[in-house]
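Visitor: Just to be clear, the model below is a prediction. Sequence and coordinates:
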Amino acid sequence: MNNKQFDKISNGKGFIAALDQSGGSTPKALAAYGVPEDSYSGEDEMFDLVHQMRTRIITSPAFNSDHILGAILFEQTMDREIEGKYTADYLADKGVVPFLKVDNGLAEKENGVQLMKPIHDLDETLRRANERNIFGTKMRSVIHEPNQSGIKAVVDQQFEVGKRIIASDLIPIIEPEVNINSEDKNKSEEILREEIIKHLNDLSEDENVMLKLTIPTTANAYKELIEHPRVVRVVALSGGYSRAEANEKLKENDGLIASFSRALSADLNANQSEEEFNTALKNAVDSIYDASVNKR
């Protein structure tokens, strides 16, 4: 564990950038960036293009450690280089803490939730993550309905995998996303909070996690999680909200910081000049930083 990075994530002012779109979501990310599917052929070209996009973001002067605490990467991004350095090393040298997405996507909906698909290669992925100087990991499940048994299954699975990640000397970001369009989002969040607290209370003093959660319907609903001694940091996903809406909701929650993906990159386009691109990214970074740091 890198103690300097741990302190930055625990106590630093800023937010975590989510740059971890994988196979299924990459075409959408490229299309939003102005690169349509008919402009490339096959996965190799697609991943080359998305790495170019991520490289442009990461190397921009707007992507700076004064505002950005960490960045979540896709596995292929971890294995690629930026300016002659592996991506995690480039980020670390820039003062940004590197994380890695380790889940293999979502299972079919059952009991109102989507669990993670089995992660058969987790041990090997964690070994390689340590080799590549990754600080922590992220894995996502989705909650659609306030189904007690479904939500319990989501949290049980997340913490079961999370303990394996902790054992590999990495900090897991546990992400049980509540769908922002779910019918009774507030009730789902109440059940989720109680299930998470049970698991947090069972962790030993040397077991720590981060949480990545949908911005709650009720402001400060996750205060107990944010203050829990086993929680390094609680970050929020934008979840389909526009950046302006996500920022406004985030400001209402003390101690909650952003970990946005689409809301970070929404105004970026492959056809922008460097000046236009850097300005658009700076505007996004500044507004997300402000929402993470300055509360009502």
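Guide: Okay, I see it. Numbering: from 1, shown residues only.
Visitor: mind checking the SS state of residue 69?
Guide: Following DSSP: H, G, I helix; E, B strand; the rest coil, we place residue 69 in the strand state.
Visitor: Now do the contacts for it.
Guide: Under the criterion of CB atoms under 8 Å, 6 or more residues apart in numbering, the contact partners of residue 69 comprise 8-9, 12, 14-16, 96-97, 257. The C-beta positions use only the backbone N, C-alpha and C, and glycine is treated the same way.
Visitor: where do the strands sit along the chain?
Guide: Assignment of strands within the chain using DSSP state E yields the ranges 15-19, 68-73, 81-82, 85-86, 97-101, 113-114, 136-143, 171-178, 209-214, 231-237, 257-258.
Visitor: quick one, helices of the stretch 101-250 of the chain?
Guide: If DSSP state H, counting those that start in this stretch is used as the criterion, the helices of the stretch 101-250 of the chain fall at 122-131, 148-167, 185-202, 223-226, 243-251.
Visitor: helices or strands next to the second one in the packing?
Guide: I take that to be helix 148-167. Counting by 3 or more CB pairs under 8 Å, 6 or more residues apart in numbering; DSSP states H and E, the packing neighbours recorded for helix 148-167 are strand 113-114, helix 122-131, strand 136-143, strand 171-178, helix 185-202, strand 209-214.
Visitor: Nearest to residue 293, out of the ones you listed?
Guide: For residue 293, the closest of those is strand 209-214, at 17.7 Å, according to CB to CB.
Visitor: Just checking: what are the partner strands of the closest one?
Guide: strand 171-178 (parallel), strand 231-237 (parallel) (DSSP bridges).
Visitor: sorry, back to before: quick one: closest of the strands of the chain to residue 193.
Guide: So among these, strand 209-214 is nearest, using CB to CB, at 9.0 Å.
Visitor: Let me know the angle separating that closest one from strand 97-101.
Guide: Taking axes from the mean of the first three to the mean of the last three CA atoms, to 10 degrees, one finds that strand 209-214 is oriented at 70 degrees with respect to strand 97-101.
Visitor: Just want the angle from strand 209-214 to strand 68-73.
Guide: 80 degrees.
Visitor: Could you tell me the angle between strand 209-214 and strand 136-143?
Guide: Relative orientation of strand 209-214 versus strand 136-143 (the same axes, to 10 degrees): 40 degrees.
Visitor: Alpha carbons of strand 209-214, in PDB - could you do that?
Guide: Listed in PDB are the C-alpha atoms of strand 209-214, where the atom choice follows Å, rounded to 0.1, in the frame of the first residue of the first chain:
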ATOM      1  CA  VAL A 209     -13.000   0.000   1.600                       C
ATOM      2  CA  MET A 210     -14.300   2.800  -0.600                       C
ATOM      3  CA  LEU A 211     -17.900   3.100  -1.700                       C
ATOM      4  CA  LYS A 212     -19.200   4.400  -5.000                       C
ATOM      5  CA  LEU A 213     -22.900   5.200  -4.700                       C
ATOM      6  CA  THR A 214     -25.700   6.900  -6.600                       C
END
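Visitor: and that strand, which residues are buried?
Guide: 209-214 (16 or more other CB atoms under 10 Å).
Visitor: mind checking how far the residue lying closest to residue 89 once chain neighbours are set aside is from residue 18?
Guide: Closest residue to residue 89 in three dimensions, ignoring its sequence neighbours and counting by CB to CB, 6 or more residues apart in numbering: residue 133, at 5.9 Å. The span separating residue 133 from residue 18 equals 19 Å under the rule CB to CB, to the nearest Å.
Visitor: So those two - more neighbours on which side?
Guide: With other CB atoms under 10 Å as the criterion, residue 133 and residue 18 differ in neighbour count, and residue 18 comes out ahead with 27 against 16.
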